[in-house]
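# sequence first, predicted model second:
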Amino acid sequence: MASRQREIDRVLLAEKKAEIRNIEEQIRPLLRSLSELQKAKDNIQKRLDAYKYPVLTLPADIVCEIFLRTLPPYPKPPPLVGLGSPTSLAQISRTWREIALAYPTLWRAVNVEVHSERERYRSEGQANLEALWLERSASCPLSVYTGFYTEYLVPSPVLHHRERWDDLAVIIKGPRSDLFGEPLPLLSNLFIHLFLPGRPSYPTIPMPPMPLLHTATLQSVACRNIALPWAQLTSLTLLGKYPDFLSILPQTSHLVFLELHLGTFNTIIGTVPEIPLLHLETLVICKGEFYPEMLCSLRVPSLHTLHIGEEFLGKRQKSIETLQRFISHSDCQLQDLYIWSSGASDDHIQSYSDAFPSISKIVIDTK
């Protein structure tokens, strides 16, 4: 019995060994195929490793210039995060991240939002992000666009970098002056929109020294409540009602560019004093009701470009008469005249050319 069992075991072992040899015979060609495929893969990988994507061969300063072209033109700030932000460029690859972080000019325009005490958590999170941008901007002059300041002011890190502010656009709610507590030695361009509750008389908001300021944009309330170094401005944009500008314009003796967005007049102005702007070269009056006395109060002998809405001049022949009176009073030599007119006929357009033959370029926009 034992010998029979041994014989059975011997046969079974022989069968299993035969099976193994058979499997090995099947594996052998598969291993050869696998080896050949691995060699082919390695060869392809070597070629891929040797390939340089053209964009990755560009010098870092060229890549940075491309990055800058994807952002809004300075001084307009990009969003802090997401599409259109340099933070998204820094997430494409390690090389691009190194380039983005190495060039402070990508981070020099900061969009700041200041929220109320009730939103402190969100504000503190954003403050951390703003602080990161400020760190990456190194010593670059800064463009700062900021939102509402409320009575529950949550300070932004950008307030600690006033000495680097180059361009500031700010909307202020309430008679706050803490934003302007220190000198602004680099500030050249300023936009202020001021909201004051009710109609009480507020004291003038003090402004710090701004020796380089040359461009400003303000609406009526800001004109009445903020004192700027008017005499050093060369470019000024005013939004609101003309009476609010009467105390400012005589002080802007060095203006080269003036743009007025005029609302309707709900007060009687009376006699308008003459306002000499002897260096003014370009005047833009975007909108406003017919008020020729205001236009003719300006004495602008250096003016060569005028953009104006026809409704401000008066209808039809009245508009030509107003312009003739203005040019004669100012003793200016207009070179370019742009008029916005609704529904002007061809004959009416031709009448401007006939009335002003000395003006080399006359454009009537009827859109």
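Arrived safely.

# for the stretch 1-150 of the chain, what spans make up the helices?
Counting by DSSP state H, counting those that start in this stretch, the stretch 1-150 of the chain has helices at residues 2-50, 60-70, 86-89, 94-102, 120-136.

# got phi/psi on W165?
Note on W165: backbone dihedrals following degrees, to the nearest 10 are phi -60, psi 130.

# any idea what it is bridged to?
Under DSSP bridges, the beta-bridge partners of W165 are L142.

# before we move on, back to that, what's the closest of the helices of the stretch 1-150 of the chain to L278?
Closest to L278 of the helices of the stretch 1-150 of the chain is helix 60-70 (CB to CB; 38.7 Å). (Glycine included, C-beta is placed from N, CA and C.)

# just the helices of the stretch 1-150 of the chain: most buried one?
helix 86-89 (a mean of 20; mean count of other CB atoms under 10 Å).

# relative to C140, how far out is the closest residue to C64 other than its chain neighbours?
Leaving out its chain neighbours, the residue that sits closest to C64 by CB to CB, 6 or more residues apart in numbering is Y103, at 4.4 Å. Y103 sits 10 Å away from C140, going by CB to CB, to the nearest Å.

# and those two? Which one has more around it.
More neighbours surround Y103 than the other of Y103 and C140, with 21 against 17 (other CB atoms under 10 Å).

# hang on, isn't the more buried one packed against I66?
No - taking contacts as CB atoms under 8 Å, Y103 lies outside contact range of I66: 11.2 Å.

# and the pLDDT at the residue nearest to T95 when sequence neighbours are not counted?
Once flanking residues are discounted, T95 sits nearest to L56: 6.3 Å by CB to CB, 6+ apart. On pLDDT, L56 comes in at 72.

# same question, V154
With respect to pLDDT, V154 scores 50.

# and A216, what element?
According to DSSP states H and E, A216 maps onto strand 215-219.

# contacts for that strand?
Contact with strand 215-219 is made by 188-194, 226, 228, 233-240, as judged by CB atoms under 8 Å, 6 or more residues apart in numbering.

# what residue is smack in the middle of the chain?
K76 (1.4 Å; CA atoms, centre = their mean).

# quick one, what contacts that residue?
K76 touches A109, S143, Y145, counting by CB under 8 Å, 6+ apart.
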